[in-house]
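Chemist: with the input below, show me the fold.
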Amino acid sequence: MRGLAIYGALIAILYGTGGVPVLRSLWFPLLYAIFLIPIPESVIDTLTQPVKLMISQAALATLSVFGYPVASSGVSIYIGQFELLIAAACAGLNSLISLTAIGIFYAYLQHRASWIYTAALVAVIFPIAIFANFMRVLTLVLVTYHFGEATAQDFLHEAAGLFMFAVALLTIFAIDTAARAALRRRSARHD
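Modeler: This next block holds a predicted model:
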C-alpha cells in the first residue's frame, strides 16, 4: 500500500507543479512506474490459485496420456514416488508481470502511435506466460520422475524458468513480427 501511496503522491506533485501538460508528456514513464509497486501476497495468492490448479490439471492430463503414473490433489502433483507442489512462481504471475512490462516497453518503442495494436500485443502475453509456465512444470515433473528430485530442484529448476521466460519473450517478438508483416501485406493489397 505504501508503494501505491508514493505513486499517487508523485502524480499529485507532478500535477501540482506542472498540471496536465506535464502529466501528458510523462504519461508513459508514469504508466510504466506501476510495475514498481509490489503486489501484496494476499492478492498474489488469490490470483494464482486458479492458474496453479489449471496448470496442475493440464500437466496431469498430459502426462496421463503418455502413460505416466501421475495423480494430483489440488496443486500437488504425484508422479511415481515423488510429490511436487505447484508454487505461486509456477502459476506464472511473476512471468506475466515481467513479460507485460517488457511487452509494453517493446510495444511503446515499436508502435508508439497505435494503442489498438499495443493492446492486442499485450493481450497475447497472458496465454503465452501461462503456456510457458505449464511447459516449465511439465519439464520439472518429467525431470523429477526420470532423474530424481535433487536434479529437478537444483540448477535445473531455475534454468527451466529462465529458458521458458526467454522462449515466451521470443514468442511475443515473433508474433509481433508476423502481425506486422501481415498488416503490411494487407495494406499493400488495399493500395
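
Chemist: assign the residue nearest the centre of the chain to helix, strand or coil.
Modeler: Central residue of the chain (CA atoms, centre = their mean): Leu96, 1.8 Å from the mean position. Three-state assignment for Leu96 (DSSP: H, G, I helix; E, B strand; the rest coil): helix.

Chemist: am I right that Tyr78 is in a strand?
Modeler: Yes. Judged by three-state DSSP, Tyr78 forms part of a strand.

Chemist: tell me the mean pLDDT for the helix ranked longest in the chain?
Modeler: Across the chain, the helix with the greatest residue count (assigned by DSSP state H) is helix 155-190. In this model, helix 155-190 has a mean pLDDT of 87.

Chemist: before we move on, what about stretch 66-83?
Modeler: Here the average pLDDT along stretch 66-83 is 89.

Chemist: name the residues that touch it?
Modeler: Outside stretch 66-83, the residues that touch it by CB atoms under 8 Å, 6 or more residues apart in numbering are 49, 52-53, 56-57, 59-60, 63-64, 84-86, 137, 141, 144-145, 149. In short, each C-beta sits where N, CA and C put it, glycine included.

Chemist: mind giving me the packing neighbours of the helix or strand Ile13 falls within?
Modeler: Under the criterion of DSSP states H and E, Ile13 resides in helix 2-25. Judged by 3 or more CB pairs under 8 Å, 6 or more residues apart in numbering; DSSP states H and E, the packing partners of helix 2-25 are helix 27-32.

Chemist: which parts of the helix it packs on are buried?
Modeler: Leu30 (16 or more other CB atoms under 10 Å).

Chemist: and for Met164, the neighbour number?
Modeler: Each residue near Met164 was counted by other CB atoms under 10 Å, and the total is 21.

Chemist: please tell me how far it sits from Arg136.
Modeler: Note on Met164: its distance to Arg136, by CB to CB, to the nearest Å, is 4 Å.

Chemist: ok, now which ones touch Ala168?
Modeler: So Ala168 contacts 95, 99, 128-129, 131-132 (CB under 8 Å, 6+ apart).

Chemist: so which two of those are the farthest from each other?
Modeler: Greatest spatial distance among the contacts of Ala168 (CB to CB): Leu99 and Phe131, at 11.5 Å.

Chemist: neighbour count: those two, which is higher?
Modeler: The residue with more neighbours, out of Leu99 and Phe131, is Leu99; 24 against 17, by other CB under 10 Å.
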